[in-house]
Structure formats: structure tokens, C-alpha cells
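Trainee: heads up, no residue letters with this:
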């Protein structure tokens, strides 16, 4: 079996092998590209009245505890997954364990927005960590390696006719 025939067979079967994982990565990647433009994925970031923060972390926790939204049930810091403070925008974004996001004005501690945040879930889907690390290492990583091979073999299949044509021309030119 020649190298080109083997390359085509490996390209063919490699593509079939990673079709589903690659579709998940592509689809989630497309949606993640739009996260700043599509509030369904990630809530629109509001801006506080002033840039410099005037409140303390305890004021942020108090705002989370006292807010009356049905999905915001905060009793302490253990209910907060992540706190993203943006001093240049005057906002603190608290992502809760239930993936709801609360945006707080760092000027006075006022809650500006409560919205569901899907981008973290989509990122976990995109990198395979949504299932577990074993899936990530034994399905997503090998799929990426096969994809790298497919790219290389596809480039070879694209380049081969040009190289072959050049070799044939050089052989014809060398004949007297």
C-alpha cells in the first residue's frame, strides 16, 4: 500500500472517529464566540455609577444576602462560585454556585442585574470537563490529536499534486 493510499484511509477513518466530539467542540465554540454579543450565553455587563470602588467585600455579600430574587439564595461565601470585580467599570459580578450571576454597583452596593449565566457550562462542554477529567483526557484530547493529524494529512493531500506536477516537469525538462 502506497503512502498516499494509507494517508487517505487514515484520513477517512480518522474523520469518522472524531465526528461527534468535533461537532460538540465546533458548535460550543461558535456559541462561545458570541458570548459578549448574546445575553442568552452571558449576561450583558452593566456599568456602575463611578469607576473606583467605594464598598467592601462584606457589602457585596450583604447585597447578595438581602436581594429578593428567587434564584439568589445566598447565606454566605460558600454560595458564591466566583467574584469578578471590575474597578474600571464600577461593577462586581458574583457568579453563584447555581450559575446565576448578580451584578453589583461598587459605588453603593446596589444590585443592577440578576441573570442566568450559561457561558461556564458551555466552556465545560467545549473542553470536555463537563463529564470528568477521564473523558477530557481519553476522548477530547485524542480527538484533538486526530484532528491535528487530519489537518496535516489534508494539507499533504492538497500539496501532493503540486509537488508531483513540479517533479514531472523537472523530469521532462531534464530529458534531451
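Mentor: Received the coordinates, thanks. As the structure is a computational prediction, the values presented were derived from the model and not from experiment.
Trainee: quick one: contacts of stretch 32-51?
Mentor: 31, 86-91, 93, 101, 103, 105-108, 112-113, 115-119, 122-123, 126 (Cβ atoms under 8 Å, 6 or more residues apart in numbering). C-beta here means a position set from N, CA and C on the backbone, and glycine is covered the same way.
Trainee: Would you mind listing which of those are buried?
Mentor: Buried subset of the contacts of stretch 32-51 (neighbour count, 16 or more other Cβ atoms under 10 Å): 31, 86, 90-91, 93, 101, 103, 105-107, 112-113, 115, 117-119, 122, 126.
Trainee: Okay, and which of the residues you listed map to helices?
Mentor: 31, 119, 122, 126 (DSSP state H).
Trainee: I'd like the average pLDDT over the helix or strand encompassing residue 173.
Mentor: Applying DSSP states H and E as the criterion places residue 173 in helix 141-174. Throughout helix 141-174, pLDDT has a mean value of 86.
Trainee: name the helices or strands packed onto that helix?
Mentor: Helices and strands touching helix 141-174, by 3 or more Cβ pairs under 8 Å, 6 or more residues apart in numbering; DSSP states H and E, are helix 3-17, helix 19-33.
Trainee: and the closest residue to residue 153 other than its chain neighbours, what does it touch?
Mentor: Excluding the flanking residues, the one nearest residue 153 by Cβ to Cβ, 6 or more residues apart in numbering is residue 11, at 4.6 Å. Applying Cβ under 8 Å, 6+ apart to residue 11 gives the contacts 150, 153-154, 157.
Trainee: mind checking how far residue 11 is from residue 156?
Mentor: 9 Å (Cβ to Cβ, to the nearest Å).
Trainee: low-scoring stretches of this protein, by residue?
Mentor: Within the chain, the ranges that satisfy pLDDT under 70 run 1, 176.
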